[in-house]
Every structure is written in C-alpha cells, then in structure tokens.
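Peer 1: need a structure here:
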Amino acid sequence: MLETSRLRLLPWHEDDWLQLKPIAQDPEVMRYISDGQPWPDERIREFVARQVAGVEARGFCFWRLIDKNTKEMIGFCGLQPMVDTQHIEIGWWLARAWWGKGLATEAAREAMRDAFERAGLRRIVAVAQPENLASIHVMEKLGMRFERETTHRGIRVVLYAIGGSPLLQQGEAGL
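Peer 2: Residues are numbered from 1 along each chain as shown. Here you go, the predicted structure:
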C-alpha cells in the first residue's frame, strides 16, 4: 500500500468499478479524457479489470485514491504502459469535489517515487490535451519537462517526461 499524508493509494477489486462510475460519467471530469465523452459501464469495468491485471503483471497500476479522513474513493493515480508505445505513463483523475486541493500532485509524487524506487523505472511520461492546463501544471510541479506536441490515439496532446532519455522520438508507433 502506498500512502501520503492525506491519501491511500490502493489496488483495485473487480467491484470497485461502481465507485469509479460517478467520476467516469461526469462530463466535466471527462472533458479532457480521450474524446471527452463519459464512459459507459462496460468501459469502466474493463478499465478496472486492466488495473487488477496490471498489478498482478507489473506490480503497479492506476491506484485507487482513498481519502484518509472520509474513506471515500476520490479518483485514481498511478502508472501504466502507454498504448502502442514503449513508454510508461503516469496519470490521474479526481472527482470534481476534490479538484484544486493539491491531491493529484500529492498522489502522483508518491506513485512516481514508488515507480522509480520499487519498480525500478528510469523514465516516466505524461500526456495531456494542450487545453488541460490543470494537468499540465501538475506535470510541471512533478518536475516533468515538456518534450513535444504529438498525437496519441488520434488526439493532439503534449508529452512531458522525467528521468532517462527519450525513446523512439521520431516515427514512434502511436505517439
């Protein structure tokens, strides 16, 4: 279990998709995620199943974020392989009620520390749509540096990174 002063970062269980549902179906939360559309139940269940499998296969995932005071799941933060690339990406989503409190940065710092120290990663990337200034600000607070604008899964994004040297910059599949 990973922990910060205000949060617990925990692995998922199959039925945790129900806690993610209000977040993944909030249009404001989803505004800068993929195509900006809220996720249907099946996509939420598939996401949770991938996180369960990720912990088993790699020892990390997008961890559930649990507020220590309320015991409520407020979002997720962690790492996963980035589709169609050799990168490991860090990412976060928070329920709207928890925005603006520094929790994404707090959780991401702990997930990043764990990735470098325990999982032995040498480089981590993050992507965001250029309009998602809040996520870009979190990336910068984490010490990540802008590398380039690119397209990921058909969506224009900025790519930030920390650690190691860039992989496959030109002609990289899907990024």
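Peer 1: drop to CA atoms for contacts and neighbour counts, all remaining ones
Peer 2: Fine.
Peer 1: just to confirm, which helix or strand has residue 137 in it?
Peer 2: If you go by DSSP states H and E, residue 137 is part of helix 133-141.
Peer 1: Just checking, which helix or strand succeeds that helix along the chain?
Peer 2: Counting by DSSP H and E, what follows helix 133-141 is strand 145-152.
Peer 1: contacts for that following strand?
Peer 2: 139, 156, 157, 158, 159, 160, 161, 162, 174, 175 (CA atoms under 8 Å, 6 or more residues apart in numbering).
Peer 1: Report the contact partners of the closest residue to residue 73 other than its chain neighbours.
Peer 2: Closest residue to residue 73 apart from its sequence neighbours, by CA to CA, 6 or more residues apart in numbering: residue 66 at 4.4 Å. Counting by CA under 8 Å, 6+ apart, residue 66 makes contact with 7, 8, 9, 10, 72, 73, 74, 75.
Peer 1: Below-threshold pLDDT in the chain: ranges please.
Peer 2: Low-confidence segments of the chain (pLDDT under 70): 165-175.
Peer 1: quick one: buried residues of stretch 21-41?
Peer 2: By 16 or more other CA atoms under 10 Å, the buried positions in stretch 21-41 come out as 21, 23, 24, 25, 29, 30, 32, 33, 37, 38, 39.
Peer 1: Out of these, name the two that are farthest from one another.
Peer 2: 21 and 32 (16.8 Å; CA to CA).
Peer 1: Roughly how far does the residue nearest to residue 163 when sequence neighbours are not counted sit from residue 61?
Peer 2: Among residues not flanking residue 163 along the chain, residue 123 sits closest, at 4.4 Å (CA to CA, 6+ apart). Remark: distance between residue 123 and residue 61 (CA to CA, to the nearest Å) = 16 Å.
Peer 1: out of the two, which sits in the busier spot?
Peer 2: Higher neighbour count among residue 123 and residue 61: residue 61, with 27 against 18, using other CA atoms under 10 Å.
Peer 1: Can you pull the phi/psi pair for that one?
Peer 2: According to degrees, to the nearest 10, the main-chain angles of residue 61 amount to phi -160, psi -170.
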